[in-house]
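**Q** Got a sequence here, can you build the structure:
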Amino acid sequence: MTFSRADRSRAAEWWFTIDRRMVTAILILMAIGIVLSLAASPAVAVRKGLPAFYFAERQLLYAMLGCLVMVTASLLSPREIRRLALALLLLSFAAMIWVAVSGPEINGARRWMRIAGYSFQPSEIAKPAFIVMTAWLLAEARRNPDGRALSLAFVTFALLVGLLVIQPDIGQTILIAAVWGAMFIISGQPLIRAGALGLAGIAGFVIAYFSFDHVRRRVHRFIDPSSGDTFQTDRAIQSFTEGGLLGRGPGEGTIKSVLPDAHTDFIFAVIGEEYGALACLVLLGLFAFVAARALRRAASEPDPFIRLAVAGLALLFSLQALINVGVNVGLLPAKGMTLPFISAGGSSNVAVSLTVGLLLALMRRRPDVAHVKRPQLSPMFGRPSPGVVGDETAAIEKGPVRG
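**A** As a prediction, this is how the structure comes out:
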C-alpha cells in the first residue's frame with residue numbers, strides 16, 4: 001500500500017499517522033492464532049462430534065472480521081471514540097441485564113446470548129468501551145475536581161462489576177478491577193484513595209471466596225492440589241516439560257486430545273508441547289512488544305484522556321494475556337480467560353480486535369497545537385521578526401546560506 005504525501009484522504013492520513021510496527025505485531029498474532037487453531041482444534045472438534053476443521057474455519061472467519069473491526073476503529077478520532085464507547089457501553093449494559101434475566105445457563109453461568117445462530121458474550125464488548133469511558137471520566141475529574149465525573153466513574157465501575165458478578169464471571173471482574181485501579185492511580189488521584197481502593201479490592205475477593213463455591217474450590221486446588229481435581233492444570237504443566245525447548249513437532253502433541261479446553265483456555269500449553277519453550281517466548285515477546293510500545297506512547301502523551309485510555313487499553317490487552325499464561329504454567333488458579341487472538345472464540349476475538357483498534361486510533365501521531373511555535377510580530381511593522389527558531393518565514397527572508 002502506497003500513498004502520496006499530497007493525498008489528503010482519510011486512508012492516506014491513516015497510513016502516515018498509524019503505528020505500523022504495532023499493526024505488524026498485531027497481524028502476526030492474528031496469523032499465529034489461525035495457524036495454531038489448525039493444530040489445536042481438530043481433535044477437540046472431532047471429540048465434540050463436529051467437522052475436524054470447524055473451529056479452525058471459525059477462527060479464520062473471526063480473524064477476518066477482527067481485521068475489519070480493528071481497521072475501522074483505528075480510523076476514528078478521539079471524539080468519535082468517546083461517542084462510540086458510550087454507545088457500546090450502554091448497549092452492552094442492556095444486553096448483560098437481558099442475559100442475567102433471560103439468557104441460557106451454561107455450566108452454571110449466564111453470560112451468552114444468541115444472535116443469528118452464533119453465541120455472543122456482551123461483557124467482552126463492554127470491556128474496551130468501559131476503559132475508554134473511564135479514561136474520559138477520570139480525565140474530567142482531574143480537570144474539574146468539583147464536578148461529578150469521579151462519582152460517575154465509580155458508579156460505572158460498580159455497575160459493570162455488579163453485572164459481571166451476577167453472571168457470575170469472577171475472572172473478568174478481577175481483570176476489570178485491576179485495570180480500573182491502575183487507571184485510577186495513573187490519573188493522579190490521592191494515594192489515600194488508592195489505598196482505600198486496594199482494601200476494597202481485597203474485601204471484594206474475600207466476599208467472592210465465601211460466596212461462590214467454584215471460586216473457593218479453585219483457590220483450594222491451587223493452594224493444595226490434593227484437595228480436588230487438578231487434571232487440566234497438571235496436564236498443562238506436563239506439556240511444557242514434554243515439549244522442551246523446541247517442542248515435539250506440529251501435530252505431535254497429546255494434550256489437545258485429552259483436554260476439553262485445549263483450543264481456548266489451554267492453547268498456550270498446546271504451543272509449549274508442540275512448538276517448545278522457544279516459540280512460547282517469541283509469542284510472549286509479541287505481547288510484551290505491543291504493551292510496552294503502547295505504554296511508552298502513553299507516558300509521552302500530554303492529553304490526559306488519551307494518556308489514560310491508551311494505558312488502560314494496553315493493560316487490558318496485556319493483563320488478559322498474562323492471566324491466561326499464568327494459569328497454563330500453574331502460577332495462577334484456573335480462571336477461564338482466553339489468550340488474545342490465539343484462543344478460539346468469536347466474541348472474544350472481535351472484542352480484542354476492537355480493543356487494539358481503539359488503541360491504534362489513540363496512538364496515531366497528531367500535531368500538538370500547544371507546542372507549535374508561532375512567529376513573533378514586530379511592534380512597528382506587524383511582520384514576523386527574524387531569528388525565531390522554527391520560523392520558516394524568517395528563514396526565507398534571510399535567503400540561502402552561502403559559504
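
**Q** Which element, helix or strand, includes the residue most central in space within the chain?
**A** Closest residue to the average C-alpha location of the chain: Phe317 at 2.5 Å, with CA atoms, centre = their mean. Per DSSP states H and E: Phe317 is located in helix 304-328.

**Q** Distance from the chain centre to that helix, please.
**A** Taking CA atoms, centre = their mean, to the nearest Å, one finds helix 304-328 lying 5 Å from the centre of the chain it belongs to.

**Q** Export the helix or strand that contains Leu358 to PDB, keeping only CA atoms.
**A** Element membership for Leu358, per DSSP H and E: helix 346-363. Provided in PDB are the C-alpha atoms of helix 346-363 (Å, rounded to 0.1, in the frame of the first residue of the first chain):
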ATOM      1  CA  GLY A 346     -15.900 -15.300  18.400                       C
ATOM      2  CA  SER A 347     -16.900 -12.500  20.800                       C
ATOM      3  CA  SER A 348     -13.500 -12.600  22.500                       C
ATOM      4  CA  ASN A 349     -11.600 -12.200  19.300                       C
ATOM      5  CA  VAL A 350     -13.900  -9.400  18.000                       C
ATOM      6  CA  ALA A 351     -13.600  -7.600  21.300                       C
ATOM      7  CA  VAL A 352      -9.800  -7.900  21.300                       C
ATOM      8  CA  SER A 353      -9.700  -6.500  17.800                       C
ATOM      9  CA  LEU A 354     -11.900  -3.600  18.900                       C
ATOM     10  CA  THR A 355      -9.500  -3.000  21.800                       C
ATOM     11  CA  VAL A 356      -6.400  -2.800  19.700                       C
ATOM     12  CA  GLY A 357      -8.300  -0.800  17.000                       C
ATOM     13  CA  LEU A 358      -9.100   1.800  19.600                       C
ATOM     14  CA  LEU A 359      -5.600   1.700  20.900                       C
ATOM     15  CA  LEU A 360      -4.100   2.200  17.400                       C
ATOM     16  CA  ALA A 361      -6.500   5.200  16.800                       C
ATOM     17  CA  LEU A 362      -5.500   6.900  20.000                       C
ATOM     18  CA  MET A 363      -1.800   6.300  19.400                       C
END
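
**Q** who are the neighbours of it, in terms of helices and strands?
**A** Counting contacts by 3 or more CB pairs under 8 Å, 6 or more residues apart in numbering; DSSP states H and E, helix 346-363 is packed against helix 20-47, helix 54-74, helix 78-102, strand 118-120, helix 122-143, helix 267-299, helix 304-328. (C-beta placed from N, C-alpha, C; glycine too.)

**Q** Can you convert the ones you listed into TSV and add a column each for mean pLDDT and distance to Ala200?
**A** Putting these into TSV (pLDDT from 0 to 100; distance: least, CB to CB, whole Å) gives the following:
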stretch	mean pLDDT	distance to Ala200
helix 20-47	87	34
helix 54-74	90	32
helix 78-102	92	22
strand 118-120	76	31
helix 122-143	93	16
helix 267-299	92	25
helix 304-328	94	19
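
**Q** list the contacts for Gly251?
**A** 39, 274 (CB atoms under 8 Å, 6 or more residues apart in numbering).

**Q** Please settle this for me: is it part of a helix?
**A** No. Gly251: not assigned to a helix; according to DSSP: H, G, I helix; E, B strand; the rest coil it is coil.

**Q** that older thread, got TSV for the helices and strands packed on helix 346-363, with distance to Pro190 too?
**A** TSV is the format used below for these (distance: least, CB to CB, whole Å):
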stretch	distance to Pro190
helix 20-47	34
helix 54-74	34
helix 78-102	26
strand 118-120	40
helix 122-143	11
helix 267-299	21
helix 304-328	16
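
**Q** Among the ones you listed, which comes closest to Leu163?
**A** helix 78-102 (4.5 Å; CB to CB).

**Q** list the buried ones in the helix or strand following that closest one?
**A** The helix or strand immediately downstream of helix 78-102 is strand 113-115, counting by DSSP H and E. Within strand 113-115, the residues that count as buried by 16 or more other CB atoms under 10 Å are Met113.

**Q** Can you list the strands that strand 113-115 pairs with?
**A** strand 118-120 (antiparallel) (DSSP bridges).

**Q** starting at the chain centroid, how far to the strand it pairs with?
**A** Distance, stretch centre to chain centre, for strand 118-120: 20 Å (CA atoms, centre = their mean).

**Q** same thing with stretch 139-155?
**A** With CA atoms, centre = their mean, you get 24 Å for stretch 139-155.

**Q** got the contact list for stretch 54-67?
**A** For stretch 54-67, contacts defined as CB under 8 Å, 6+ apart pick out 27, 30, 33-34, 37-38, 41-42, 44-45, 263, 341, 344-346, 349-350, 352-353.

**Q** count of residues packed around Val310?
**A** As a burial measure, Val310 scores 26 neighbours (other CB atoms under 10 Å).

**Q** do the one 3 residues further on as well
**A** For Leu313, the neighbour count with other CB under 10 Å is 29.
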